[in-house]
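Student: Dropping a prediction and its sequence here:
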Amino acid sequence: MNRLFVLREQIHFDNMVAFAAANWRAMAGDKPLSAVFAPYRKTRSNEQNALMWVWLGQIERDAWVGGRQYDAETWHEHCKRTFYPELNAKGDDKWKLLPNGDRICIASTTRLNVTEMSEYMTAIEAWAATDLGVTLK
């Protein structure tokens, strides 16, 4: 279980300290916990995520590459690797072992902040128009 505290006022800090004091031992069990203080950056919005999936659905329906079409999930993985490869370096990635022995990283756009997600979607929109001939709506 992770718990995020956004510190804007003293009460937020006090709540964080009280939570840590009451819960850190149970949360840690026999393993150490970590705490990180960093500037707060709002993650991508639900609206951005929803629009991305609308676009990927449109690419799924309208794009043909090498005489075939691909599903939205495949395009999603392609776009992440093509337009935001540094997602793979942003934290607790999920690795999958393929039948051929290759390992692939399944990274998530949930790690992107609003600005990064906007840049990512702009890249997808330009690529879809230029390389696939798909104008996203």
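Tutor: That came through, no problem. Numbers count the residues shown, from 1 in each chain.
Student: Give the buried residues for the longest helix along the chain.
Tutor: With secondary structure taken from DSSP state H, the chain has its longest helix at helix 10-28. Neighbour-count burial for helix 10-28 flags M16 (criterion: 16 or more other Cβ atoms under 10 Å). Every residue, glycine included, has its C-beta placed from N, CA and C.
Student: May I have that helix as PDB, with CA atoms only?
Tutor: Only the C-alpha atoms of helix 10-28 are listed here, as PDB (Å, rounded to 0.1, in the frame of the first residue of the first chain):
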ATOM      1  CA  GLN A  10       1.100  22.800   8.200                       C
ATOM      2  CA  ILE A  11      -2.000  20.600   8.800                       C
ATOM      3  CA  HIS A  12      -1.000  18.400   5.800                       C
ATOM      4  CA  PHE A  13       2.400  17.900   7.300                       C
ATOM      5  CA  ASP A  14       0.900  17.100  10.700                       C
ATOM      6  CA  ASN A  15      -1.400  14.600   9.100                       C
ATOM      7  CA  MET A  16       1.500  12.900   7.400                       C
ATOM      8  CA  VAL A  17       3.500  12.700  10.600                       C
ATOM      9  CA  ALA A  18       0.500  11.300  12.500                       C
ATOM     10  CA  PHE A  19      -0.100   8.700   9.700                       C
ATOM     11  CA  ALA A  20       3.600   7.600   9.700                       C
ATOM     12  CA  ALA A  21       3.700   7.300  13.500                       C
ATOM     13  CA  ALA A  22       0.600   5.200  13.600                       C
ATOM     14  CA  ASN A  23       1.200   3.000  10.600                       C
ATOM     15  CA  TRP A  24       4.900   2.700   9.600                       C
ATOM     16  CA  ARG A  25       5.600  -0.500  11.600                       C
ATOM     17  CA  ALA A  26       2.600  -2.400  10.200                       C
ATOM     18  CA  MET A  27       3.300  -1.200   6.700                       C
ATOM     19  CA  ALA A  28       6.900  -2.100   6.800                       C
END
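Student: what's in contact with the helix or strand following it?
Tutor: Using DSSP states H and E, the helix or strand that directly follows helix 10-28 along the chain is helix 46-62. With Cβ atoms under 8 Å, 6 or more residues apart in numbering as the test, helix 46-62 has contacts from 69-72, 75-76, 79, 109, 114, 117-118, 121, 124-125, 128, 132, 134, 136-137.
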